[in-house]
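# what shape does this take:
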Amino acid sequence: MHKSLRFAAVAAVCAVAGAGLYGAGAATAGQSTANSTHEPYNIGLLVKDIDTYYGTAADADGVYQASPTSPYAKDLARLDSAARKYIDSAARTAHHKGKKPAVVFDIDDTLLLSLDYEKRYNYTYNSASWAAYVDKADRPAVFGSPELVRYAAKKGVTVFYNSGLSEAQRTAAVTNLKKVGADVNLDARHMFLKDAANPPSYLRDCATPGAWTCTTVQYKSGTRKHIEKDLGYDIIANFGDQYSDFGGGHADRTYKIPNPTYYVG
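As a prediction, the model looks like this:
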């Protein structure tokens with residue numbers, strides 16, 4: 001996954017911390033600050049705000065964890081409650097109409113939390129260190145996410161994954177998701193990852209073998225379109241931690257998972 005513009009949305013945390021701004025199409029103040037002509041928010045203070053929001057603390061093994069009583073956890077709990085109610089209702093409606101309801105989940109910081117990586121590398125990104133981190137396959141779950149995946153499946157909703165992880169990281173992703181209890185539809189027919197060497201034909205407008213030019217929005221919306229138009233599903237909900245997870249449509253409702261640590265355009 002290419003993580004770009006870390007700290008670009010420098011005022012986001014002040015607006016985000018303790019606020020329940022996540023849900024169907026909800027937005028935060030963080031989207032509009034990248035081109036501000038005002039002095040940016042101080043990075044040192046921003047890091048403190050992020051730590052407070054997550055309740056960040058190192059465990060006995062020195063791994064940075066989020067607190068289950070943090071503002072972050074409370075925001076997730078509110079989102080989870082609303083999403084469950086919606087999935088229950090939307091699934092019943094879809095089944096009544098003879099449709100095949102589906103939900104789509106991003107993986108990084110939607111299902112698997114990368115807070116330890118962000119803290120350890122001071123909120124910077126390096127492809128080699130990120131790949132090594134993913135390959136360890138021991139990220140903790142985003143609070144409530146494995147349960148939400150299983151809840152959707154229990155309601156007869158087909159679960160898909162639409163991630164910026166590469167095809168080479170498939171084994172690690174599957175292993176990690178199994179570890180945290182999100183062991184639902186982890187096969188290649190339901191988990192879509194970036195395959196730059198052999199991109200699928202439905203992305204042919206921006207990707208050919210060995211020549212990947214898709215933006216995140218093109219890749220993810222193109223995949224959702226494939227799920228709906230080619231596979232015949234109705235995506236009732238799409239979950240992601242980046243606004244680029246939602247652009248391009250092909251989802252009845254979107255749920256923005258809080259993540260003030262980086263921005264992917």
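# can you give me the offset of the host helix or strand of R150 from its chain's centre?
In this assignment (DSSP states H and E), R150 forms part of helix 145-154. The chain centroid and the centroid of helix 145-154 are separated by 15 Å under CA atoms, centre = their mean, to the nearest Å.
# pull out the buried residues from it.
Neighbour counts over helix 145-154 (16 or more other CB atoms under 10 Å) mark S145, P146, L148, V149, Y151, A152, A153 as buried. All C-beta atoms are positioned from the backbone trio N, CA, C, and that covers glycine.
# so which strand or helix has the closest residue to I107 other than its chain neighbours?
Using CB to CB, 6 or more residues apart in numbering and skipping the chain neighbours, the partner closest in space to I107 is S163 (4.0 Å). Applying DSSP H and E as the criterion places S163 in strand 158-166.
# can you name the next helix or strand after that strand?
helix 170-180.
# low-confidence regions, the stretch 51-200 of the chain specifically.
Nowhere does the stretch 51-200 of the chain drop to pLDDT under 70.
# wait, isn't K220 in contact with N162?
Yes. Under the criterion of CB atoms under 8 Å, K220 is in contact with N162, at a separation of 5.4 Å.
# where does G55 fall, phi/psi-wise?
When quoted as degrees, to the nearest 10, the phi and psi of G55 stand at phi 60, psi 40.
# residue contacts, it?
A66, S67, T69, S70, P71, Y72, A73 (CB atoms under 8 Å, 6 or more residues apart in numbering).
# from the residues you listed, which is closest to K229?
The shortest distance between K229 and any of the contacts of G55, using CB to CB, involves Y72 and amounts to 35.8 Å.
# who touches the closest residue to that closest one other than its chain neighbours in this structure?
Excluding the flanking residues, the one nearest Y72 by CB to CB, 6+ apart is Y54, at 4.8 Å. Taking CB under 8 Å, 6+ apart, we find Y54 in contact with A66, S67, S70, Y72, L115.
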